[in-house]
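Peer 1: structural data only, the sequence is not supplied:
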């Protein structure tokens with residue numbers, strides 16, 4: 001996940017350098033914001049689902065829904081999408097959408113961290129290591145990779161600071177002075193959460 005994230009950031013930086021002459025940086029950031037907006041809503045909704053199952057009132061009806069998309073007709077009909085969900089999932093999606101709109105409009109650090117934590121938790125849940133030796137090879141490769149790309153050059157730090165997306169957790173250092181309007185942040189990349197969590 002960390003290596004994939006680093007490669008994605010490196011590719012985005014290269015694309016940004018080439019597209020900078022065609023499109024302004026604002027349009028590129030807007031496109032990436034919309035991409036992470038959709039992914040963030042889905043990730044946050046999935047993360048909230050177990051909590052919603054515990055707090056959902058038993059007296060409220062929990063209706064079942066199905067989203068079915070097929071291709072063809074008759075015997076050649078095949079399912080493209082068959083997704084089942086219920087009222088609790090819709091509530092999670094609604095709450096996540098509010099957070100997503102808040103993030104897109106304000107780029108607030110709390111919304112950024114909610115999406116970042118959702119990405120990290122989903123990454124730990126969905127990705128698995130088969131053996132300890134595979135994990136050791138992965139950590140060794142990432143060690144060498146980080147020595148060059150993170151500590152040897154300023155490429156990854158520059159991308160992380162200039163790229164407006166929830167790919168990192170930010171911690172306000174001036175929270176006591178400015179409250180929720182803090183503007184001086186320390187950063188923690190999501191890979192630093194996902195890789196140890198996945199290994200454990």
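Peer 2: On my side now, so go ahead. Just so it is clear, the model here is predicted, and its values are computed rather than measured.
Peer 1: neighbours of residue 45, just the number please.
Peer 2: Residues near residue 45, counting by other Cβ atoms under 10 Å, number 23. To be clear about C-beta, it is placed using only N, CA and C from the backbone, and glycine gets the same treatment.
Peer 1: just the pLDDT for residue 137.
Peer 2: At residue 137, the pLDDT value in this model is 89.
Peer 1: which stretch of helix or strand covers it?
Peer 2: Following DSSP states H and E, one finds residue 137 within helix 132-146.
Peer 1: report all helices and strands that the helix or strand that that helix is followed by contacts.
Peer 2: Counting by DSSP H and E, the next helix or strand C-terminal to helix 132-146 is helix 155-162. With contacts defined as 3 or more Cβ pairs under 8 Å, 6 or more residues apart in numbering; DSSP states H and E, the packing partners of helix 155-162 are helix 2-19, strand 185-189.
Peer 1: now the most centrally placed residue in the chain. Nearest residue, chain neighbours left out?
Peer 2: Nearest to the mean C-alpha position of the chain, counting by Cα atoms, centre = their mean, stands residue 119 at 3.6 Å. Spatially, and ignoring its direct neighbours in sequence, residue 119 is nearest to residue 43 (5.3 Å; Cβ to Cβ, 6 or more residues apart in numbering).
Peer 1: how far does the one helix or strand that neighbour maps to sit from the chain's center?
Peer 2: Counting by DSSP H and E, the element that carries residue 43 is helix 25-55. Chain-centre distance of helix 25-55: 7 Å, with Cα atoms, centre = their mean, to the nearest Å.
Peer 1: now do that helix, average pLDDT.
Peer 2: The pLDDT scores in helix 25-55 average 87.
Peer 1: report the inter-axis angle for that helix versus helix 155-162.
Peer 2: Interaxial angle, helix 25-55 versus helix 155-162 (axes from the mean of the first three to the mean of the last three Cα atoms, to 10 degrees): 80 degrees.
Peer 1: what's the helix or strand immediately after helix 25-55 in the chain in contact with?
Peer 2: The element immediately downstream of helix 25-55 (helix or strand, assigned by DSSP H and E) is strand 64-71. Residues from elsewhere that reach strand 64-71 (Cβ atoms under 8 Å, 6 or more residues apart in numbering): 77, 78, 79, 80, 81, 82, 83, 84, 85, 86, 90.
Peer 1: in helices, which of those appear?
Peer 2: Using DSSP state H, the subset of the contacts of strand 64-71 located in helices is residue 90.
Peer 1: just the buried ones from the contacts of strand 64-71?
Peer 2: 85, 86 (16 or more other Cβ atoms under 10 Å).
Peer 1: now the contacts of strand 64-71 as a markdown table including pLDDT and distance to residue 33?
Peer 2: Listed next are the contacts of strand 64-71 as a markdown table, based on pLDDT from 0 to 100; distance: Cβ to Cβ, whole Å:
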| residue | pLDDT | distance to residue 33 |
| --- | --- | --- |
| 77 | 84 | 38 |
| 78 | 88 | 35 |
| 79 | 85 | 32 |
| 80 | 85 | 28 |
| 81 | 85 | 25 |
| 82 | 86 | 30 |
| 83 | 86 | 25 |
| 84 | 89 | 30 |
| 85 | 88 | 26 |
| 86 | 92 | 30 |
| 90 | 93 | 24 |
